[in-house]
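> Need a 3D model of the following:
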Amino acid sequence: MDAIKALADPDRREAARESLAARGLAAVRPLLDELLDETSPVRHWDIEFVLTERIGSVAFDEVLAALAAATDDESRGRVSRVFTRFGAVDRYIGALSHPSARVRGSAAFGIQSACSVAFGREPNPGVDYGLVIDALIPLLADPDPEVAQRAEWVLTMLGPGVEEPLRRVRDHGPGRLRARALTALAATGGEEALSPADRAAVERLIRIKVRDERARPLDTCFTSWIAVPTGDQQGIVELLGLFEARPATFELGLSVGAHDSHDYAEHGRVYVTPEVDGWTLVLGPWCNPVDPQRAEDVLHAVTELSRRYGRAQAYYFGEQGGGSGWLVAEDGNAVRRFGSCWEDDGAGFTLGEPLPEERAACVEEGITPVGDVGADDEEWTDLAAYLAPQLAEQLGLSPMALGPHTTVRGVGAVAFTPYAREHGRPGTGAYAI
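Next up, the predicted model:
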């Protein structure tokens, strides 16, 4: 116990590590007890390091037993972090059939840590990936939904070698595995990895669901959209140069939009709504009027849309302080453009005079209206960073305001943008339908 307590002392830590490592298995249970002691002065990661890096695999069974015996989430979390750091893939495979769901899920996570090839990681040279895949696939039907979800995620991180085993499940069963196998297959290889029968089944499901679906809010963490007061979806598609438009539900449009808006903004694809309360919306990062890469092209597109349809608008809104931007055009002329984002003060995008709705928002907030003598630029940009959804609703229609009350005519579509012609089509994945 003195050696364990010494882990809290930087001057004695290395000597304590050596002492505990020399004791081997005899030190494991006391270390785990210290790990679970909420009053301990020893940092969790110092105990984890000794157990996994200094004592190593001889501690595996004792840690597994402690994980299975843990009775609360905090304890399970602490022991699970140790368990998943061993890197013992063969031992993890054996633990995938353990009676404890927490052990099964942690074993799958341990495999993920040791074997993932996602984000450019190299395959683990000491691992039989076929054996790992065959062991994980049955967990797609695990009675614990968190374990089943973890197995699905891990399979998508193991590279293209998972595709053929998953296709076999789709073709031959067992039936309890087929649904999650389809999701994992789509997430791994996209639409191209699906069999012709599965692609046809997906398309048939979409055709059935769009017949009488209701609108739903289209709200991603970073939402960009164009709004046009018309039901002429085909005309908008043609004017914007979109191509290969395919039917899509609101749920699918939202799922694609959320995927394309995160991490790296995907400019090669958009969702075009059916007519919603007399408007058509185009959703995707390609529509962002205050993105430095897209601002001038969006300005041109929106002014041309307004020339044909009288009015057109484009917006960007980032939740949780991600900023706002808007562009309003009428009869072929840009009336107003403004952006307020954390990385830019919006000055580079500003066109036109403040809208009456902008000034009214200032009054409501209790600040001097933008454009007036004495207006505080900082106060205005702070307010403007949250204003896009409100302005969209006041000037026409916000995608965040769609719902069962919305009148829907026609069928939505996912389409490629002109950007995809030049830079290549975006990879597909697993999306909600």
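> So what touches stretch 11-30?
Residues outside stretch 11-30 that contact it (CB atoms under 8 Å, 6 or more residues apart in numbering): 1, 3-4, 6-7, 9, 31, 46, 49-51, 54-55, 58-59, 62-63. Every C-beta, even on glycine, is put in place using the N, C-alpha and C of the backbone.
> 6 Å instead, please
Residues outside stretch 11-30 that contact it (CB atoms under 6 Å, 6 or more residues apart in numbering): 3, 6-7, 50, 54-55, 58-59, 62.
> Name the member of these with the most neighbours.
Greatest neighbour count in the contacts of stretch 11-30, by other CB atoms under 10 Å, goes to residue 50: 27 neighbours.
> residues touching that residue, list them.
17, 20.
> For it, give its distance to residue 129.
Computed as CB to CB, to the nearest Å, the residue 50 to residue 129 distance reads 31 Å.
> one step back: include distance to residue 262 and pLDDT when you put the contacts of stretch 11-30 into CSV, please.
Converted to CSV, the contacts of stretch 11-30 look like this (distance: CB to CB, whole Å; pLDDT from 0 to 100):
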residue, distance to residue 262, pLDDT
3, 46, 86
6, 45, 89
7, 39, 90
50, 38, 92
54, 39, 93
55, 40, 94
58, 42, 93
59, 38, 95
62, 40, 95
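> out of those, who's nearest residue 321?
residue 7 (39.6 Å; CB to CB).
> Next, give phi and psi for the closest one.
Dihedral angles of residue 7 (phi, psi; degrees, to the nearest 10) stand at phi -60, psi -20.
> Give me the subset of the contacts of stretch 11-30 lying in helices.
3, 6, 62 (DSSP state H).
> Now the last one: closest residue in space, sequence neighbours ignored.
Put plainly, it is residue 62. residue 28 (4.4 Å; CB to CB, 6 or more residues apart in numbering).
> Residue 147 reaches residue 104, doesn't it?
Yes: taking CB atoms under 6 Å as the definition, residue 147 is a contact partner of residue 104 at 4.9 Å.
> Buried residues, the helix or strand containing the residue nearest to residue 62. List them.
Secondary structure from DSSP states H and E places residue 28 in helix 28-36. Across helix 28-36, burial judged by 16 or more other CB atoms under 10 Å covers 28, 31-32, 34-36.
> One more: stretch 292-309?
So for stretch 292-309, counting by 16+ other CB under 10 Å, buried means 294-295, 297-299, 301-303, 305-306, 309.
> Kindly report the same for stretch 329-338.
329, 334-338.
> try stretch 183-197
Applying 16+ other CB under 10 Å to stretch 183-197 flags 183-189, 193-194 as buried.
> can you pull the pLDDT of the nearest residue to residue 340 once chain neighbours are set aside?
Nearest residue to residue 340, sequence neighbours excluded (CB to CB, 6+ apart): residue 384, at 3.8 Å. Per-residue pLDDT puts residue 384 at 90.
> For stretch 100-112, C-alpha coordinates in CSV please.
Provided in CSV are the C-alpha atoms of stretch 100-112 (Å, rounded to 0.1, in the frame of the first residue of the first chain):
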residue,chain,number,x,y,z
SER,A,100,-21.7,-9.3,-18.4
ALA,A,101,-22.8,-6.8,-21.1
ARG,A,102,-20.3,-4.2,-19.7
VAL,A,103,-17.5,-6.7,-20.3
ARG,A,104,-18.7,-7.5,-23.8
GLY,A,105,-18.9,-3.8,-24.7
SER,A,106,-15.5,-3.0,-23.2
ALA,A,107,-14.0,-6.0,-25.0
ALA,A,108,-15.4,-4.6,-28.3
PHE,A,109,-14.0,-1.2,-27.4
GLY,A,110,-10.6,-2.8,-26.7
ILE,A,111,-10.6,-4.3,-30.1
GLN,A,112,-11.5,-0.9,-31.6
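> Not counting its own residues, what contacts that stretch?
Residues contacting stretch 100-112 (CB under 6 Å, 6+ apart): 67-68, 76, 80, 83-84, 92, 95-96, 98, 132, 144, 146-147, 150-151, 154, 157.
> Just the buried ones among these, please.
Here, 16+ other CB under 10 Å leaves 67-68, 76, 80, 83-84, 92, 95-96, 98, 132, 147, 150-151, 154, 157 buried among the contacts of stretch 100-112.
> Which parts of the stretch 251-400 of the chain are strands?
Listed in chain order, the strands of the stretch 251-400 of the chain (DSSP state E, counting those that start in this stretch) span 269-272, 275-276, 280-283, 311-318, 323-330, 333-340.
> Reformat these as TSV; add distance to residue 138 and mean pLDDT.
Formatted as TSV, these follow (distance: least, CB to CB, whole Å; pLDDT from 0 to 100):
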stretch	distance to residue 138	mean pLDDT
strand 269-272	35	97
strand 275-276	44	97
strand 280-283	38	98
strand 311-318	41	96
strand 323-330	46	95
strand 333-340	51	94
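> List just the one of those strands that sits closest to residue 427.
Of all the strands of the stretch 251-400 of the chain, it is strand 269-272 that lies closest to residue 427, at 10.1 Å by CB to CB.
> my read: residue 427 touches residue 192, true?
No: applying CB under 6 Å as the test, residue 427 and residue 192 come out as separate, 8.7 Å apart.
> circling back to that earlier point, let's have the strands of the stretch 251-400 of the chain in a markdown table, adding distance to residue 362.
Below are these laid out as a markdown table (distance: least, CB to CB, whole Å):
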| stretch | distance to residue 362 |
| --- | --- |
| strand 269-272 | 32 |
| strand 275-276 | 29 |
| strand 280-283 | 27 |
| strand 311-318 | 18 |
| strand 323-330 | 14 |
| strand 333-340 | 13 |
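> quick one, which of these is nearest to residue 220?
So among these, strand 280-283 is nearest, using CB to CB, at 8.2 Å.
> so what strands line up beside the closest one?
strand 222-228 (antiparallel), strand 269-272 (antiparallel) (DSSP bridges).
> between those, which one is nearest to residue 199?
Among these, if distance is taken as CB to CB, the winner is strand 269-272, at 17.5 Å.
> Not counting its own residues, what contacts the closest one?
Here strand 269-272 makes contact (CB under 6 Å, 6+ apart) with 233, 253, 256-257, 260, 282-284, 286, 413-417, 426.
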